[in-house]
Structures are given as C-alpha cells and as structure tokens.
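What would the 3D arrangement of this be:
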Amino acid sequence: MSSVAIVAFGAISALGEGRAAFRAGEAGEAAAVAIGLDAELAQAGLGRPFAARAAIAPSEDRATDLLAYALDSCAANLDVARPNWRRQRVGLVLGTSSGGMRAAQRAFDAIARGERIRDVEAPTYFGPMARAARRLRVSLDPCVLVLGACASGSLAVGLATRWVDRGGCDVVLAGGFDEVTVFVAAGFEALRATTGSPPPRPFRLARDGMALGEGAAVLALARASNGPARAFVSGFAAASDAVHLTAPDRDGRALARAAKRALREAGDPVVDLVSAHATATLLNDVSEFRGLAAVLGPKRSREVVVHPFKAQIGHALGAAGSLELLACVDALDRSVLPASAGTGEVDPAAPARLLDRTLPATPQVALKISSAFGGANAALVVTRGEVRMSDRGPDRRDAFVGAAAHVEREPALDDLAAQIRWPAERLARGDPLVRLALAAIARLAAACGPLEGCGLVVGTALATVETNALFAARLRDRGALSAEPRRFPYTSPNAVAGECSIAFGLTGPTFSVGGGLHAAIEAFACGALLLQAGDADRMIILAVDDAGPVTRQLAGDLRSGAVAVLLTADRATGPRGRVGAMALGRGVEPRGPLAPGHAALLPLLGAVAPRELACAAPPDVSARVVIEPI
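Residues are numbered from 1 along each chain as shown. This next block holds a predicted model:
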C-alpha cells in the first residue's frame with residue numbers, strides 16, 4: 001500500500017469545533033479537559049454522572065446533528081482543497097457504537113404504549129448516517145457503517161484506506177460519531193468502568209475508570225499523489241483477542257499483532273507518538289502497555305510519549321478513533337508532543353511516558369491503537385510524509401467463495417452447547433443474535449474444518465434492537481441504576497463478532513457492520529476487500545438477524561436466521577466462484593430485489609454459486625456483488 005493522504009477534515013467534540021475539537025496544544029500548555037458533571041446523567045440518578053458534551057443546540061436527533069456538522073465541515077474544506085471532488089467517485093465509511101440510540105429509546109417507549117412507529121429510520125444504528133449523507137447530495141459508493149464498538153472509528157478509517165488503495169474510490173469520507181445517552185452511561189456504570197472523580201487518570205495508580213464523551217470526526221482520504229495533504233495514513237491492521245467479551249487480553253497480544261502489522265506496512269518507522277486507547281480502567285491500561293512493549297520493545301515503550309486523549313474529551317465511542325487520529329495529525333502539524341490530563345503516580349505495571357506540559361518537538365510518525373467490546377483491535381500509522389514501503393504482499397489478490405451454511409432458528413441450548421463446548425448457562429446469558437450466529441458458524445466449521453485464525457465480518461440489518469429494547473425496558477421501569485451488567489454487553493452489535501471469535505478462535509480482523517437492510521452484502525464486500533488486500537487469508541462472512549416485535553415495526557419483511565460463508569485466498573480449496581465487482585451505493589435509485597438481511601446470502605447455499613448477490617433497500621440504497629465463475 002502507498003500512503004493515503006488526509007486532505008480535509010471536519011470535527012466536533014466537547015473541546016470545540018474544527019481544529020479545536022482535537023487540538024494537541026501549544027508548547028508549554030497543560031492538557032485541556034472538557035469533562036464535568038452532566039445534568040442529564042445526574043437527573044437519571046446515576047452515581048457517576050460525569051461526561052463531556054459537545055456544544056450544540058438541544059435536539060431530538062443529537063447523533064445526526066453531530067455527524068452532520070462534521071460531515072458538512074469536511075465537505076466544505078474539501079471544496080477548497082479539491083474543488084472537483086463532488087464529480088468524482090466518492091465513498092463514505094463511518095463508525096458508531098450506539099447510532100440513533102436516543103431515538104431508539106423513544107421508539108421503545110412508544111411501542112410499549114402500543115403506538116406505531118412512523119419514522120422507522122430514526123431508531124436504527126444507520127439512521128444518523130443515512131440522514132447526514134443525504135445532505136451531501138452526492139452518490140456514494142461504497143457506503144458502510146462499521147459497528148465495531150469503541151474501535152469503530154479507527155476501523156472505518158482503515159477500511160477507507162483499503163478502498164482508496166484498491167482504486168475503488170477517488171475520495172472516501174471516513175470517521176465516526178456518537179452521542180452521550182443515559183442508556184449507554186447506565187451500562188458502563190453497571191460494568192464499573194466509569195470514574196467517580198474526573199478527569200480520568202489513564203496509566204496512573206489512582207485510575208478508576210473513564211468518562212463518556214461525544215462528538216464526530218470525518219476525514220477525507222485520497223490517493224497521496226493527487227495533491228497536497230495534511231498528513232498520511234501509511235499503515236492499518238486489525239486483529240481479534242478471541243479471549244473475552246468485555247475484558248481485554250491481559251497481555252495485549254492481538255493489539256500487538258495489529259500494531260506490528262500496521263507498522264510493517266508503513267515500513268517499520270520509528271514511532272514518535274502513541275495515541276493510546278487509554279480508558280483508565282484497571283485492566284485496559286496494563287494490557288495496552290504490555291501490547292505496546294511487545295511492539296516497540298521494553299525500552300522504547302517507556303520512552304515514547306503516550307497521548308491518552310479520552311482523559312480530555314471523554315470516551316467518544318464510535319468517534320474516539322477518528323478524533324484521536326486527528327489529534328495525532330495536529331501534533332505532527334504543530335511540531336509538538338501533547339500533554340496528558342490527570343495527575344498521580346504512574347502505575348509501574350503500565351509505565352507509559354505521560355507529559356505534564358506539551359513539548360516542542362518534530363514528531364514524524366504516530367501510532368493510533370484502539371480496542372473494543374468483542375475483542376476487536378485496530379491500529380493506524382499516521383506520518384507527516386508519504387511512505388511507499390509495504391511488506392504486505394500483492395496489492396490485490398483474488399477472493400474465492402467457499403462453503404456456506406444456514407440456520408433458520410435457534411437450536412436448543414443443550415444442542416448448541418454440545419456443538420461449541422460451552423456451558424448452556426453461558427449461552428442463555430447471550431441473545432438470539434449470538435446463538436443464531438454461533439449455530440451458523442458451527443455448521444460452517446462442520447463443512448470446512450477448523451476455522452482458527454480466520455477473520456470475521458458480521459452483517460446485521462437492524463443490529464441489536466430487540467436486545468436493546470429489553471435493556472431499555474428495565475431502565476424505564478426500574479431506573480438507570482438497575483442496568484444489568486450481564487445484559488449490557490449484548491446491546492453492542494459487536495458482541496456477535498466477539499462471541500464467535502472466542503468460540504472458534506477467530507483472531508483475524510473481526511467486527512460488525514450494519515448500514516441498513518443490505519447489511520449482508522455490506523459484510524460480504526468488507527470481508528472480500530480485506531482478503532483481497534492481504535489483511536487475512538480466510539474471512540468468514542456472517543449475516544444474522546433477530547426478528548421480534550421491534551423489528552416487525554421497523555422492517556416487517558425481515559426474518560430471523562443466519563448465513564455463514566467462507567471466503568479464501570486459496571484457489572486450491574476448490575472454491576465455487578471468484579468475487580468480482582462490488583457496489584454499496586447510497587443516494588442512488590434502488591435496483592433489484594429487496595432480499596433484506598441474511599436472505600441476501602441465501603443464494604450461496606446452492607451447489608453452484610450465483611452470478612450476483614443483490615439487495616435494494618428503499619429509499620436510496622442499492623448493493624450488489626458479482627460472483628465470477630472459475
């Protein structure tokens with residue numbers, strides 16, 4: 001891969017708008033902190049009601065407003081940097097953790113009162129993206145929504161670089177968004193992950209957790225040779241822990257694998273700055289530093305400056321990775337090494353180098369690392385100059401279609417427990433999405449053999465809306481302090497990817513997507529892209545849907561079920577077809593059958609692979625993948 005240029009941006013956070021949203025600071029300055037007592041969380045009765053809010057007008061659709069600001073600002077900056085961009089091939093790849101959760105809570109309340117939902121787009125994860133994207137008045141291909149929990153923003157930028165590098169787009173707008181809601185805050189407090197005395201103190205002995213934040217950031221990415229750039233993304237990689245749904249691998253092994261691979265792709269440069277995930281929780285900081293030490297070595301990991309930006313702007317979830325990446329860009333541009341928020345003795349088990357004041361310097365290379373629920377990890381390398389080195393192999397490989405498996409309904413708990421060798425009580429704690437997914441991959445493994453080391457992309461049309469409705473009902477009936485710590489992790493769409501990675505040892509790139517009813521083809525295209533780019537040798541594509549009372553109101557034709565498909569780079573395995581042209585269009589007239597959710601992949605169950613997978617999703621989505629005969 002050649003470096004991909006960052007040519008424009010738009011951003012908003014609790015620190016401000018534009019460059020103020022991710023400002024690395026001037027030499028001699030202390031870190032600015034925007035975290036404080038939050039009125040909404042306090043009114044809800046939470047015991048640790050601290051957060052960082054962006055300064056926008058009150059709104060019933062706050063997530064869309066945050067994203068629209070960042071997207072519109074990026075487009076305006078791009079109009080200046082590359083005036084012809086609207087007539088070029090433009091893509092959009094965004095990440096979020098909670099999407100339109102505020103609207104979803106209102107919808108859940110209305111359904112509980114027996115009312116019909118008139119606006120069926122607003123309560124979805126993809127609603128804010130769809131609405132903000134329409135403001136651009138540009139046809140978009142690809143248009144992808146990454147639901148990789150707290151790593152979503154970094155994964156979105158990484159996927160965008162792959163699309164630019166393969167020549168699929170001239171410009172890709174990439175980043176993430178999220179807002180602060182009682183729903184999410186109650187869940188994290190139930191997990192004992194939030195601070196009681198802000199600001200958070202990452203890597204310090206006195207740390208007691210994070211504070212939530214909100215915002216949005218969108219970067220315009222393009223080929224490096226096509227004009228001036230603010231900085232360059234020179235490496236990307238992703239890997240899965242396959243260890244635990246919410247706790248990180250204690251040694252940070254998958255994070256280290258992702259970081260090493262990203263740095264190798266960038267030519268193994270000397271890292272001057274590390275933008276850490278840094279949630280200030282007891283387990284995360286230690287595991288993250290161990291992973292960093294495995295990458296940089298024990299000595300260099302103590303010398304390199306670490307920037308824990310979440311201690312300043314809060315944990316912005318789906319927006320975190322892209323905002324933190326822009327903070328790296330700002331540090332390179334300003335020629336500084338940024339200060340860290342928080343005080344106290346550094347933990348000897350995680351002896352990161354934290355600065356009290358911003359230092360003048362000439363950093364050239366920054367490493368951004370992210371982790372998430374489900375064990376997802378992503379790493380990005382941003383450089384001041386263009387890099388043309390790569391040790392990744394061919395720029396483009398073929399992706400072949402292998403076996404496929406289908407389940408129409410959940411198996412009995414005891415039967416599924418016997419198949420994957422998990423206790424039935426553990427499976428009972430999950431949700432139908434997880435159980436359907438595990439059953440489908442178990443059938444795929446029976447046909448293909450062991451799947452250890454594979455990557456996994458999960459596509460869910462409406463994600464976890466049924467699970468979220470149950471979680472929200474408890475909050476509504478018993479208050480925010482009643483949040484169930486065992487149920488909350490399953491409100492994350494990335495829980496499906498995480499549980500499957502643990503059950504089957506899937507340690508490659510692993511995350512979920514869900515841009516709409518075409519999510520099955522969205523997942524298929526993302527998995528094929530990563531395989532073609534050399535990010536994995538085998539990728540599992542899993543389309544899964546849980547249809548219940550909420551789903552029936554939002555998408556009446558959607559049915560429960562799951563389809564798992566194996567993609568491979570090895571033609572010797574006897575594949576049934578080769579992945580050809582792919583299109584994930586938004587802002588275009590829908591073409592072809594609806595085939596919502598996992599049903600779009602059902603044609604792959606036949607002995608002969610179909611010539612095309614297609615799904616049209618009104619009002620403005622058309623997705624297709626060509627399967628070439630071999």
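
Per-residue pLDDT of residue 394, please?
The score at residue 394 is 43. That number is its pLDDT.

Tell me where the model's unsure across the stretch 351-500 of the chain.
388-395 (pLDDT under 70).

try 90 this time
Scanning the stretch 351-500 of the chain with the threshold set as pLDDT under 90 gives 373-374, 385-396.

ranges for the helices of it?
413-420, 424-429, 432-448, 465-478, 494-504 (DSSP state H, counting those that start in this stretch).

Of all those, which one comes closest to residue 59?
Checking the helices of the stretch 351-500 of the chain against residue 59 by CB to CB gives helix 465-478 as the closest, at 19.8 Å. For every residue, glycine as well, the C-beta is placed using N, CA and C.

Give me the residues contacting the closest one.
Residues from elsewhere that reach helix 465-478 (CB atoms under 8 Å, 6 or more residues apart in numbering): 101, 104-105, 108-109, 111-112, 123-124, 182-183, 186-187, 431-433, 482-484, 487-488, 490-491, 546-551, 554.

Name the residues of stretch 597-616 that are buried.
By neighbour count on 16 or more other CB atoms under 10 Å, the buried set for stretch 597-616 is 597-604, 609-610, 613-616.

Scan this protein for its longest helix.
Longest helix of the chain, by residue count under DSSP state H: helix 62-81.

strands paired with the helix or strand that that one is followed by, and their directions?
Going down the chain from helix 62-81, the next helix or strand is strand 90-96, by DSSP states H and E. Using DSSP bridges, the strands paired with strand 90-96 are strand 140-146 (parallel), strand 171-178 (parallel).

Dump these to CSV, plus distance to residue 534, mean neighbour count and mean pLDDT.
CSV is the format used below for the strands paired with strand 90-96 (distance: least, CB to CB, whole Å; neighbours: other CB atoms under 10 Å; pLDDT from 0 to 100):
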stretch, distance to residue 534, mean neighbour count, mean pLDDT
strand 140-146, 19, 28, 97
strand 171-178, 19, 32, 98
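
can you put these in TSV and add distance to residue 369?
Shown next, in TSV, are these (distance: least, CB to CB, whole Å):
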stretch	distance to residue 369
strand 140-146	17
strand 171-178	15
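
before we move on, back to that, can you say which of the helices of the stretch 351-500 of the chain is nearest to residue 43?
Closest among those, once you apply CB to CB, is helix 465-478, at 13.3 Å.

circling back to that earlier point, strand 171-178 and the longest helix of the chain, what's the angle between them?
Inter-element angle recorded for helix 62-81 and strand 171-178: 150 degrees (by axes from the mean of the first three to the mean of the last three CA atoms, to 10 degrees).

Count the neighbours of residue 297 for me.
Around residue 297 there are 11 other residues, counting by other CB atoms under 10 Å.

quick revisit: show me which pair in the buried residues of stretch 597-616 is furthest apart.
609 and 616 (20.6 Å).

and the residue nearest the centre of the chain, what element?
The chain has residue 152 as the residue nearest its centroid, 1.5 Å off, counting by CA atoms, centre = their mean. In the assignment (DSSP H and E), residue 152 maps to helix 152-165.

Buried residues, that helix. List them.
Buried, per 16+ other CB under 10 Å, within helix 152-165: 152-165.

Could you do stretch 491-499 as well?
Those would be 491, 492, 493, 494, 495, 496, 497, 498, 499, for stretch 491-499 by 16+ other CB under 10 Å.

Quick check: the gap between residue 581 and residue 263.
Per CB to CB, to the nearest Å, residue 581 is found 32 Å from residue 263.

Among those two, which residue is more densely surrounded?
residue 263 (22 against 11).

Tell me who's in contact with the more buried one.
Residues in contact with residue 263, defined by CB under 8 Å, 6+ apart, are 235, 269, 271, 295, 367, 379, 381.

which of those residues sit farthest apart?
When CB to CB is used, the two most widely separated members of the contacts of residue 263 are 269 and 379, lying 13.2 Å apart.
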